[in-house]
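In: prediction below, plus the sequence it came from.
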Amino acid sequence: MIDNLIIGFQAALSVENLIWCFVGVLLGTVIGILPGLGSATGVAILLPLTLAFDPLTGLIMLAGIYHGSQYGATITAILIATPGEASSVVSTLDGYQMARNGRAGPALAISAVSSFASAIVSVLLLFSLSQVFADIALGFGPIEILAIMVFGFATISVFAAGNVLLGLAMSTVGVLLACVGIDMGTGVARYTFGSVDLFSGIPFVEVMIGLFALGELLSQLDKGAPAPIRARFKDMLLTKEDIRRATPATFRGMVIGFAVGILPGAGSTLASFLAYGSEKRFSKHRSEMGSGAIEGVAAPDAATSAATNGAFVPTLTLGVPGGATTAVLLGAFLLYGITPGPLLFEQQPVLVWGLLVSFLIGQFFLLVLNLPMAPVFAQLLRLRYGYLYPLIIFTSFIGAYAISNNSFSLWVVLVFGVIGYLMKRLNFPIAPLVLGLVIGPLFEKALVQTSALTSGDSSVILQSPTAVVILTAALLLLVGPKIVALIRGKKGASGLGIENPETSLAEKFAGRDSGDTDHREK
Amino acid sequence: MKSVFRLAAITITSGLVLAGCSAGGADSESDEYSASGVNRIVVAMAAGGGSDRSGRIISQILNDNEAGYSTVVENREGGGGAVGWSYFSALTGQPDNLLVAETALHTLPLQEGVDVPFTYKDFTPIALFAEDSRMVVAPIGSPYNTCSELIDAGASVSLLSGISGTFGPDGMVLSSMEDAGLVADRVPYGSTGEVVTGLLGGQIDFAPASAAAVKPYIESGDFKGLCTFSAERYESDPLLADIETAQEQGIDATVVLWRGVLAPAGITDGERDFWIDQLKEAFTDPAYAAYLESDLLIPKQIYGDEFATYLDEYDATIQTYFTS
């Protein structure tokens, strides 16, 4: 490992590479901030420009964009509830609340610090054990992936903001929306109504821009512009208490993120949702989650960051993409004349180790860029909304158009903007809808593959120990806290997100029989 | 009253931006790409994929020739090519646009519910620049060493094949093998990368894939090639030269895929001949030969009317794979 580090540093530490690494993370941050322009699109758009570079330099810059966009995406998620990337959707839940409470500075800072810490650890894991993790990831076939997707659905109750049925309904809508398009297995076009634009489905990023950026904007204008928030400079800095609370959350997020990241195709969005879900279950301050708990920012951001690096495990060791952005990066390898595959580490040691070392360097750049800037960005909230909204509209539509050069995207943004507004107005939770959109296609694919693998025999799921463990965990996630609460005999399962009408009624009766009423009669 | 103002403001802002974007889309043919000589090479697939790669190499060679014009690659992906091709088929009579297309142009309209406003006849064939085929591979530890062994085994054992694209080359290979008696369940995957993962993880027994996609895994000793559906073996590649063709193994089938350059319908003969000459020259460039070699493509160049006849015959053959 030390030899490899030395090879890597020798390759990465040239003035040219350092400059382009910096340009990459800076561009990435900007791309992340712009709604719509996500890392996959950003890398794809800038890929042709890097073809004139030395392959290592080009890849360093593209990877910088990938890493930087994760930082940038959170900034707007926290400040104006407009995630720049799908993986930052969960950061809006607590991050935006923190900003509303005048704590935008600490929210931004903890996001940067958690991302950084998690990235450094996961890059070191990539360095030392990527082959081991690749073998583990290969053990996850369709059956195990199916179990993970079920686990993902089990976290919906967490995001349902108290009303599980509504949450389930919203996630079903998400799954149904994800059904539109040409079906992978049979090649049949579903719910496309003859529109060519719908063949590849309702475009996810455009939906996100609509629901969040435009939806939030409409609802702000409807409520009357929010008062500018004037926070004292003291409140802009992280306190010891913040760091103490965020540390375990960051660690949990990192573990979840890296685990999900190494699985081919699962991606950082799922990782961030699962990390938030687990915080809501296991954090000491879970009751504060949703109203501005720092754990709600630290955990998902750590997970996204670790998943971003985890996705490089299958990419570099096996030559198969770990997510959408790494798929584009694999294309970049080919354009540079390098064939990615299982022999990449052997055939291109300088390139691989140099690239990995550049991840570390890029993360330092990002921390240096983002940490001091946190209070500065937070000042944005002092602006009157009247100055902000044209900017948001502008970047939303330009971003959506840039993705596919297609004005169909603009209509999607507009339609989902109105839907997003109505959902906010009616107090429908948006996060479960996004979760449904993300998990729906992955779940369907795993289900179709499992069914094909086993000729439709679903009992095989129970023959995979990994799948059984994951499914059990999913079940515990759903009913576990309720059972614990019942055993402890506490009334009302607050903060669990599950209200089973029958049990709560039973509890109420139990409470009346044994408790207060008798006393009062005496 | 105030909210009326707000609504008006937001409508105007949105309207302006929307108008800006749509205008940008419509104007791009006339204003941006004028006689100054910037020509578009449209790729209906995502950046970084196989089509994109060929488009960029052709663009680069044309630009390096400095013949008084330049080219830029534009990706219009979506719907397995449907979005880009529909867009391109509407550019009738505009010779400053070229399209890099491939076999899926024939197979896309065969899919159920996929009503596209074009067929392969709605384009002007310029040049075919390469053919490709498919190879059948299995994990190195597989008990089967040839495609004919797979067919024999399928009768008694249940076999699982990976497939990416029912109506694509993978489907053509499996359909040919089924005609020869193969019995195997198809496990659908979203991309060749996913199929490779399935093979590495041992979830499937075998799968068809392009020679270029599987070569790194044959080289690393993870996969072995069972047969190739090309007309001849990959003689020039020492690693793949030993892999027999399906025909050698008694399976009477080949799978041929084409890659070519098309122009919009309705351009003049002079415009067509101009591009034919330009590409003829481009394909003498060493960069083109290097591209064919590294991507294990089968060299073949035909132009104009000859290419048009080729496409007619190809379309007739393709129907036989999927209309049974």
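Out: Perfect, thanks for sending it.
In: get me the contact residues on the stretch 301-450 of chain A for chain B.
Out: A:314, A:318-321, A:327-332, A:334-335, A:337, A:339-343, A:389-390, A:393-394, A:397-398, A:401, A:404-407, A:410, A:414, A:445, A:448-449 (CB under 8 Å from any CB of the partner chain). Yep, even glycine has a C-beta here, placed from its N, CA and C like the rest.
In: could you pick out the buried ones from those?
Out: Neighbour-count burial (16 or more other CB atoms under 10 Å in any protein chain shown) applied to these gives A:314, A:318-321, A:327-332, A:334-335, A:339-343, A:389-390, A:393-394, A:397-398, A:401, A:404-407, A:410, A:414, A:445, A:448-449.
In: please identify which helix or strand holds the nearest residue to A:Val255 once chain neighbours are set aside.
Out: With sequence-adjacent residues excluded and distances taken as CB to CB, 6 or more residues apart in numbering or on different chains, A:Val255 is closest to A:Ala306, at 7.7 Å. In this assignment (DSSP states H and E), A:Ala306 forms part of helix A:295-310.
In: return the distance of that helix from the chain's centre.
Out: Centre-to-centre, helix A:295-310 and its host chain are 8 Å apart (CA atoms, centre = their mean, to the nearest Å).
In: helices of chain B, residue ranges please.
Out: Assigned by DSSP state H, the helices in chain B fall at B:2-27, B:50-64, B:82-89, B:104-107, B:147-154, B:169-179, B:192-200, B:211-219, B:269-282, B:286-294, B:304-322.
In: make JSON lines from the ones you listed and add distance to B:Met135 and mean pLDDT to it.
Out: Formatted as JSON lines, the helices of chain B follow (distance: least, CB to CB, whole Å; pLDDT from 0 to 100):
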{"stretch": "helix B:2-27", "distance to B:Met135": "41", "mean pLDDT": "56"}
{"stretch": "helix B:50-64", "distance to B:Met135": "15", "mean pLDDT": "88"}
{"stretch": "helix B:82-89", "distance to B:Met135": "27", "mean pLDDT": "88"}
{"stretch": "helix B:104-107", "distance to B:Met135": "19", "mean pLDDT": "90"}
{"stretch": "helix B:147-154", "distance to B:Met135": "10", "mean pLDDT": "93"}
{"stretch": "helix B:169-179", "distance to B:Met135": "9", "mean pLDDT": "92"}
{"stretch": "helix B:192-200", "distance to B:Met135": "12", "mean pLDDT": "89"}
{"stretch": "helix B:211-219", "distance to B:Met135": "5", "mean pLDDT": "92"}
{"stretch": "helix B:269-282", "distance to B:Met135": "28", "mean pLDDT": "90"}
{"stretch": "helix B:286-294", "distance to B:Met135": "16", "mean pLDDT": "91"}
{"stretch": "helix B:304-322", "distance to B:Met135": "17", "mean pLDDT": "91"}
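In: to A:Ile209, which of those helices lies closest?
Out: Ranking the helices of chain B by proximity to A:Ile209 (CB to CB) places helix B:2-27 first, at 12.3 Å.
In: how close does B:Lys280 get to chain A?
Out: Note on B:Lys280: its distance to chain A, by CB to the nearest CB, to the nearest Å, is 25 Å.
In: strand partners (parallel or antiparallel) of the lengthiest strand in chain B?
Out: For chain B, the strand with the greatest residue count under DSSP state E is strand B:123-132. If you go by DSSP bridges, strand B:123-132 pairs up with strand B:257-264 (antiparallel), strand B:298-303 (antiparallel).
In: mind listing what's buried in the longest one?
Out: When you say that, I think you mean strand B:257-264. B:257-264.
In: how about B:Ile61, what does it touch?
Out: Shown in contact with B:Ile61 (CB atoms under 8 Å, 6 or more residues apart in numbering or on different chains): B:282, B:285, B:287-288.
In: go on, A:Ala452?
Out: Counting by CB under 8 Å, 6+ apart, A:Ala452 touches A:185, B:160, B:185-188.
In: of those, buried ones?
Out: A:185, B:160, B:185-188.
In: which element is the residue of the stretch 251-400 of chain A found nearest chain B on?
Out: Nearest residue of the stretch 251-400 of chain A to chain B: A:Gly331, at 1.8 Å (CB to the nearest CB). Here A:Gly331, judged by DSSP H and E, is contained in helix A:324-335.
In: which strands and helices sit next to that helix?
Out: helix A:39-46, helix A:55-80, helix A:312-317, helix B:50-64 (3 or more CB pairs under 8 Å, 6 or more residues apart in numbering or on different chains; DSSP states H and E).
In: for the ones you listed, which has the smallest mean pLDDT value?
Out: When these are compared by mean pLDDT, helix A:39-46 comes last with a mean of 82.
In: can you show me the CA trace of that one as PDB?
Out: In PDB, the C-alpha atoms belonging to helix A:39-46 read as follows (Å, rounded to 0.1, in the frame of the first residue of the first chain):
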ATOM      1  CA  SER A  39     -22.400  15.200 -11.700                       C
ATOM      2  CA  ALA A  40     -23.300  12.700 -14.400                       C
ATOM      3  CA  THR A  41     -24.400  15.500 -16.800                       C
ATOM      4  CA  GLY A  42     -21.600  17.700 -15.800                       C
ATOM      5  CA  VAL A  43     -19.000  15.000 -16.400                       C
ATOM      6  CA  ALA A  44     -20.600  14.100 -19.700                       C
ATOM      7  CA  ILE A  45     -20.700  17.700 -20.900                       C
ATOM      8  CA  LEU A  46     -17.100  18.500 -20.000                       C
END
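In: looking at chain A, which helix or strand is least sure?
Out: helix A:516-521 (a mean of 38; mean pLDDT, DSSP states H and E).
In: pull the number of nearby residues for the nearest residue to B:Pro95 once chain neighbours are set aside.
Out: In this structure, B:Pro95 finds its nearest non-sequential neighbour in B:Glu271, 3.8 Å apart by CB to CB, 6+ apart. By other CB atoms under 10 Å in any protein chain shown, 18 other residues sit near B:Glu271.
In: for the one 5 residues further on, same thing?
Out: B:Ile276 has 19 neighbouring residues, counting by other CB under 10 Å.
In: before we move on, the earlier item: any chance of the contacts of B:Ile61 in CSV with distance to A:Gly194 and neighbour count as columns?
Out: Shown next, in CSV, are the contacts of B:Ile61 (distance: CB to CB, whole Å; neighbours: other CB atoms under 10 Å in any protein chain shown):
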residue, distance to A:Gly194, neighbour count
B:Ala282, 38, 22
B:Asp285, 42, 17
B:Ala287, 41, 12
B:Tyr288, 39, 21
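In: okay, those in CSV with distance to A:Pro349 next?
Out: Listed next are the contacts of B:Ile61 as CSV, based on distance: CB to CB, whole Å:
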residue, distance to A:Pro349
B:Ala282, 36
B:Asp285, 32
B:Ala287, 27
B:Tyr288, 31
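In: ok, these vs chain A, which is closest?
Out: Among the contacts of B:Ile61, and counting by CB to the nearest CB, the member closest to chain A is B:Ala287, at 10.8 Å.
In: not counting its neighbours along the chain, what's nearest the closest one?
Out: B:Ile61 (5.6 Å).
In: could you do B:Phe283 as well?
Out: That would be B:Gln301: by CB to CB, 6+ apart, it lies 5.5 Å from B:Phe283.
In: on that earlier part again, is it true that the residue nearest to B:Pro95 touches B:Ala263?
Out: Yes. Taking CB atoms under 8 Å as the definition, B:Glu271 is a contact partner of B:Ala263 at 7.4 Å.
In: what do these two both touch?
Out: Common neighbours of B:Glu271 and B:Ala263 (CB under 8 Å, 6+ apart) are B:Pro95.
In: got the contacts of A:Ala452 as a markdown table, with pLDDT columns?
Out: Listed next are the contacts of A:Ala452 as a markdown table, based on pLDDT from 0 to 100:
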| residue | pLDDT |
| --- | --- |
| A:Gly185 | 77 |
| B:Leu160 | 94 |
| B:Asp185 | 91 |
| B:Arg186 | 92 |
| B:Val187 | 93 |
| B:Pro188 | 92 |
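In: among these, which two are most distant?
Out: A:Gly185 and B:Leu160 (14.1 Å).
In: anything in the biggest helix by length in chain A near chain B?
Out: The residue-count maximum for a helix in chain A (DSSP H) belongs to helix A:104-138. Yes. Helix A:104-138 is in contact with chain B by CB under 8 Å from any CB, via A:Leu138.
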